[in-house]
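[1] Predicted structure and sequence below. I'll ask about it afterward.
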Amino acid sequence: MLEHLTVVRHPLVQHKLTLMRDRETSTNSFRTLLREISQLLAYEITREMEMTTRQIETPLCAMQAPVIDGKKLALISILRAGNGLLDGVLELIPAARVGFVGLYRDPETLQPVQYYYKVPSELENRLVIALDPMLATGNSSAAAVDLLKKSGARNIRFMCLLAAPEGVARMKAAHPDVPIVTAALDECLNDHGYIVPGLGDAGDRMFGTK
């Protein structure tokens with residue numbers, strides 16, 4: 001496996017992903033599955049968070065207990081489909097700060113066009129997790145990470161549901177310091193920039209706009 005890419009092959013992740021790929025899966029079920037799978041991916045992407053200890057009292061005695069160190073992490077949703085991952089991760093880490101990067105892909109050039117950007121303060125002191133279900137061409141993802149770095153972020157991780165080899169290569173070339181966690185590395189992109197076999201447009205399937 002590529003050094004900067006982690007594919008989470010846990011049976012629950014793979015089972016839920018198969019249900020999401022099925023074209024017969026309803027919008028409601030797709031949304032629920034995306035929230036569930038995002039929590040399983042979040043478990044993996046937060047594995048190496050820095051820890052410290054603090055003194056607590058259990059019902060039996062005092063002890064030095066492990067807690068997460070540093071400022072609360074920042075979750076950055078790459079709109080609009082990133083919100084599907086965001087909901088699930090926030091259930092797991094409710095104290096996280098949240099930001100949004102609004103990008104859409106020009107259908108002719110496949111290049112990202114920015115329309116919104118709002119992120120938490122002090123990104124340089126936070127673990128920053130960028131969320132987007134599909135890493136296809138990688139252009140929007142790379143552009144989003146560019147913006148986060150300009151805002152001071154230094155410790156960035158990228159979480160997606162599906163990745164294409166082209167997108168992984170693009171992200172590695174642009175941001176080799178940003179590890180990627182995904183549920184699957186699919187075969188390729190088609191002529192329209194969609195991941196194959198993929199699952200279609202994640203935003204359309206999540207919001208019922210297909």
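    Sure, I can see it.

[2] Now do the lengthiest helix in the chain: which elements does it pack against?
    If you go by DSSP state H, the chain has its longest helix at helix 27-45. Applying 3 or more C-beta pairs under 8 Å, 6 or more residues apart in numbering; DSSP states H and E, one finds that helix 27-45 contacts helix 11-21, helix 82-92, strand 127-131, strand 155-159, strand 180-182, helix 202-207. All C-beta atoms are positioned from the backbone trio N, CA, C, and that covers glycine.

[3] Which residues does that helix contact?
    Contacts to helix 27-45, defined as C-beta atoms under 8 Å, 6 or more residues apart in numbering, come from residues 6, 8, 10, 12-13, 16-17, 19-20, 25, 84-89, 91-93, 129, 131, 133, 157, 159, 161, 181-183, 202, 205-208.

[4] rerun that using 6 Å as the cut-off
    8, 13, 16, 19-20, 84-85, 87-89, 92, 157, 159, 181, 205-206, 208 (C-beta atoms under 6 Å, 6 or more residues apart in numbering).

[5] got it, and stretch 118-129?
    71, 73-75, 97, 99-100, 148, 151-157, 159.

[6] hmm, back to that, need the winner for burial among the helices and strands packed on helix 27-45.
    Greatest average neighbour count among the helices and strands packed on helix 27-45 goes to strand 127-131 (a mean of 26), per mean count of other C-beta atoms under 10 Å.

[7] what's the angle between it and strand 155-159?
    Counting by axes from the mean of the first three to the mean of the last three C-alpha atoms, to 10 degrees, strand 127-131 points 30 degrees away from the direction of strand 155-159.

[8] Adjacent strands (with direction) for strand 127-131?
    With DSSP bridges as the test, strand 127-131 is paired with strand 74-79 (parallel), strand 155-159 (parallel).

[9] got the CA positions of the shortest one in CSV?
    Think strand 155-159. Taking Å, rounded to 0.1, in the frame of the first residue of the first chain, the C-alpha atoms of strand 155-159 are listed here in CSV:
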residue,chain,number,x,y,z
ASN,A,155,-0.9,19.1,10.9
ILE,A,156,-3.5,18.1,8.3
ARG,A,157,-5.1,14.8,7.5
PHE,A,158,-7.6,14.0,4.7
MET,A,159,-10.5,11.6,5.2
